[in-house]
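> From the sequence below, what's the structure:
(2 chains)
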Amino acid sequence: MRDYVLEIKGLVKDFPGVRAVNDVSFNIERNTVHCLVGENGAGKSTLIKILTGALERTDGTILLNGQEYVSNNPGEARKKGISTLFQELNVVDQLTVEENLTLGMEDTTFGFLRKSTKIKKMVEVLKEIEPSIDPKQKVKRLSVAKKQIVEIAKAVASESNIIIMDEPTASISESEIKRLFKIIRELKRNNVTVIYISHRLDEIFEIGDYVTVMRDGKHIATKPVAEMEDRSELIRMMIGKSIVESYIPKEAEEEDILLEVRNLSNEKLKNIAFNIKKGEVVGFYGLVGAGKTELARAIFGADRYSGEVIFKGKQLGSTPAKAIEAGIALVPEERRTQGIFTILTIRSNIPVMNMKKISNGGFVDAAKEKQVAIEYIDKLKIVTSGPEKETAKLSGGNQQKLVFAKCLFADSDLLILDEPTRGIDVGAKSEIYSIVRQLAEGGKSIMFLSSELPEILNLCDRIFLLFDGEIKAELINGPDIDSRKIIHIVTGGE
Amino acid sequence: MIEKTRKEELKTGSLGEGRISNLTFINIVMIGVLVALFIVASLIVPNFFNINTVSNLIAQQAEIIIIGIGIAYLLISGYFDMSVGGIIAMAAVLCAYFSQENRGIEGLSSGLGMSYGVAAALTVLICSIIGLINAFLVVKMNIASVIATLATMALARGVALIVARGAQRNAGLPPEFKQIGQHTFFATINVAVLIMVILVIVALIIERKTVFGRRIFLIGANSEAARLSGIKVSREVSLLYIASSILAAITGIIMASKFNAGNAAFGTGYEFDALVVTVLGGTSIFGGFGSVTCVVVGAFILGILKTSVNMLGFQPDLQLVVSGVVIIIAILAQRYAINRRSG
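Numbering: from 1, shown residues only, chains lettered A, B, ... in the order given. Down below sits the predicted model:
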């Protein structure tokens, strides 16, 4: 019998309207690198959050070293032997390396910090892993890669059996990745199991012993990496079979170019060039971190860029106010923090992008405002007791419809939709799809940015593939589109 | 037709809509508290319920309410303005200095000899520069608004102290200088009260009826969403800081008129009083929620309490303790009421 460090049995996690993790069972062998892959929304993050104690499971059991495992917070998880390297590193820039190492597990006497053998041990571990890091140094002076190493040292020194690494290579350089892999191999020899999450499939073949594929919250397969034929087998498992619904893209009848982007670059984006025609739905597909949100925000004038953004024949101004005036609206990625005003009513949210339409000489026409609110609540089927409801009390899907209502009321010619269906239930999703279709039929142009391939294939006429801030390919959608090739490209393949 | 029905339902509020908003609710609660307090004070404080006490009470709140308008607007949009107390002193001293008779000598008794109207207008103009500095520091330099405006408060009071040479300017002022503060229509109701009433009405119209007023709430509720919805957040907030400094300047001119002097100590602590009454009246310090009504109601609640403590013969120092306790109770009560309602 194999020696499993972690056994997951029938794990379920429900969110309102969504089953994020659906009856997942698999085992993780001791002292291996176990990779976890799947598209965005496949359930990886939720699974990790349950392991670290950030989320409570709805059902199922987890055995750690054969013992029933429950954790209510990341601190408790660490004590039980599971440490996590989050994408957003958990280090405090203002403190020294040494202070960071013992952060959260300081020895104290009557509340006063005590220098202890613990620090010494931590520093020794760090020295072993990476001698070039000075423990007295402030962490803010370290590169991202070195900060990761500090966290790894902390995990090792606190005797973790399992270290979870969530996209550890997302923001570090090639040579740093090599060093990280060396450390990971070293960890295996030192009785540590690594759960490795990455969108970069090549890495899995390089470092992984096992790979578990998840899709739509379900466990698809767990296999030794050595038994995998190649990337394409992995990709097949990630995307399943029948995801191409028969969408017939519109032939762009008129060569009426609405938006022309040339040479757009900034910190994240490199030389982006594309155009959008009138009535066209143009998709931008890429995984998290590919630069979709950055692209949307740059065009909308919310972030700085160099290059040309020509809209209706004129260079677009560089503020959201100017973009809206020119006829562009944005459905932002984060609806609660960027899209809606949660403490205000539905009525006062809807007209925000186009106050002129409900006012006379600077005075709000209250009757008209209410009429508009009712019209859009009805049109978008927002579930509410009425227009005076606080938007904080709406469900995620209804909040998203409200963001759409805002943008529709602005009556723009181009709508930029950044992950418009993230975190909403299936019903609301399909309603949003039909809104997008209606808009395109009505002659509006849509820029649709998403990390979910099915919806891109379902809605878009043309598709641009983004990886690492660059457009890697342009495809015309159609029945013979090759989704495996798409995944190959957006995961960094040539 | 089912569709029609849903629209009808939404319109008539038959889906459970039709409750008053949280803001209206808090306003009603606090007005209730004010009325109750007034009745209790009338019953237990000897001589409270008489025309002089009441008109005094009203006249005394004019200054706090006027600066409170600016404070409330900024608070609703998510910013603090602590500079107003300093601006009051600066305005009072400058206005006195500008209108003092020019005797051609150095010293406190000689000024620039401008006509009163010109002096007042120039004072407002100069004080609005402090608002401009506030806007620059907060909006462009991204300094926390409390800190930036505390600095400019010191700056403004420093100017007042220099011009008043650490004391006050009260010699050689023209007769019209004291009109605003001392000309009364009825009991102690003076021109300052009239100005206050007009400003409150204008402020309420702006707050409730205009697009500009709407933007104040939107910025306070979510400034990033406001920016992405095309609101020029920097411009709006700058305008509010300038407006607040102008209101403080008007208050300074009123106080100078009342005392027929420009004193560098005027307005000390007023920024805190104005903040306290605004929050006491129900405005949220987290932005997006509040009203000028809160300022008015809050000011009178605190005014009645202070007057009562005074008239009941307690030592004046007790006033502060009472204010502190009442504010804590009021804020806890408001939170309780809102939570009960939402829950």
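
> What is the helix or strand containing residue A:146 packed up against?
According to DSSP states H and E, residue A:146 maps onto helix A:144-157. Applying 3 or more C-beta pairs under 8 Å, 6 or more residues apart in numbering or on different chains; DSSP states H and E, one finds that helix A:144-157 contacts strand A:82-85, helix A:97-102, helix A:117-129, strand A:162-166, helix A:174-189. All C-beta spots, glycine's among them, are computed from the backbone N, C-alpha and C.

> can you give me the angle it makes with helix A:117-129?
Interaxial angle of helix A:144-157 relative to helix A:117-129 (axes from the mean of the first three to the mean of the last three C-alpha atoms, to 10 degrees): 130 degrees.

> what about the closest residue to residue A:429 other than its chain neighbours, distance to residue A:286?
What sits nearest to residue A:429 in space, not counting adjacent residues and going by C-beta to C-beta, 6 or more residues apart in numbering or on different chains, is residue A:421, at 4.6 Å. Distance, residue A:421 to residue A:286, using C-beta to C-beta, to the nearest Å: 16 Å.

> Tell me where the stretch 1-150 of chain B has helices.
B:2-12, B:22-44, B:51-76, B:84-99, B:116-135, B:145-163 (DSSP state H, counting those that start in this stretch).

> Residue A:421 and residue A:286: who's more crowded?
residue A:286 (26 against 21; other C-beta atoms under 10 Å in any protein chain shown).

> Show the contacting residues for the more buried one.
Residue A:286 makes contact with A:292, A:451, A:465-467, A:490 under the criterion C-beta atoms under 8 Å, 6 or more residues apart in numbering or on different chains.

> Determine the number of other residues adjacent to the residue in chain A positioned nearest to chain B.
Nearest residue of chain A to chain B (C-beta to the nearest C-beta) works out as residue A:386 at 2.8 Å. The number of residues packed near residue A:386 is 23, by other C-beta under 10 Å.

> Remind me which helix or strand it belongs to.
With DSSP H and E as the criterion, residue A:386 is inside neither a helix nor a strand.

> how would you label the spatially most central residue of chain A: helix, strand or coil?
Nearest to the geometric centre of chain A sits residue A:288, at 4.5 Å (C-alpha atoms, centre = their mean). For residue A:288, the secondary-structure state derived from DSSP: H, G, I helix; E, B strand; the rest coil is coil.

> Which residues of the stretch 151-300 of chain B lie near chain A?
For the stretch 151-300 of chain B, the residues in contact with chain A (C-beta under 8 Å from any C-beta of the partner chain) are B:209-212, B:214, B:217-218, B:221-222, B:224-232, B:288-289.

> wouldn't residue B:276 be in contact with residue B:301 here?
No. Contact criterion C-beta atoms under 8 Å: residue B:276 and residue B:301 do not qualify, at 10.4 Å.

> Skip the chain neighbours and tell me the closest residue to the residue positioned nearest the centre of chain B.
Central residue of chain B (C-alpha atoms, centre = their mean): residue B:68, 1.2 Å from the mean position. Spatial nearest neighbour of residue B:68, chain neighbours left out: residue B:295 (3.6 Å); criterion: C-beta to C-beta, 6+ apart.

> What strand or helix carries residue A:34?
Assigned by DSSP H and E, residue A:34 falls in strand A:33-37.

> got a list of contacts for that strand?
A:28, A:44, A:47-48, A:184, A:188, A:193-199, A:201, A:204, A:207-214, A:225, A:234, A:238.

> got the contact list for the residue nearest to residue B:68?
B:64-65, B:68-69, B:71-72, B:274, B:277-278, B:281, B:283.

> mind checking how far whichever strand or helix holds it is from the chain centre?
Taking DSSP H and E as the criterion, residue B:295 maps to helix B:292-311. Taking C-alpha atoms, centre = their mean, to the nearest Å, one finds the center of helix B:292-311 at 13 Å from the center of the full chain.

> how about the strands in the stretch 1-150 of chain A?
Applying DSSP state E, counting those that start in this stretch to the stretch 1-150 of chain A gives strands spanning A:4-15, A:18-29, A:33-37, A:59-64, A:67-68, A:82-85, A:108-109, A:112-113.

> which outside residues touch the fifth one?
Counting by C-beta under 8 Å, 6+ apart, strand A:67-68 makes contact with A:61-62, all of which sit outside it.

> What strands line up against that strand, and which way round?
Its sheet considered, strand A:67-68 pairs with strand A:59-64 (antiparallel) by DSSP bridges.

> tell me the mean pLDDT over the strand it pairs with?
Averaged over strand A:59-64, pLDDT sits at 93.

> next one: that strand to chain centre, how far?
On C-alpha atoms, centre = their mean, the centre of strand A:59-64 falls 26 Å from the chain's centre.

> what is the orientation angle of it with strand A:18-29?
30 degrees.

> Pop the domain breakdown of chain A in here.
A:4-239, A:257-490 (automatic domain parsing).

> The last one: end-to-end distance?
Using C-alpha to C-alpha, to the nearest Å, the end-to-end distance of domain A:257-490 comes out at 27 Å.

> just stretch A:410-420 next, same as before
End residues of stretch A:410-420 are separated by 17 Å (C-alpha to C-alpha).

> Could you tell me which residues within it count as buried?
The neighbour-count check on stretch A:410-420 (16 or more other C-beta atoms under 10 Å in any protein chain shown) flags A:410, A:412-420 as buried.

> Please consider this matter closed, and thank you.
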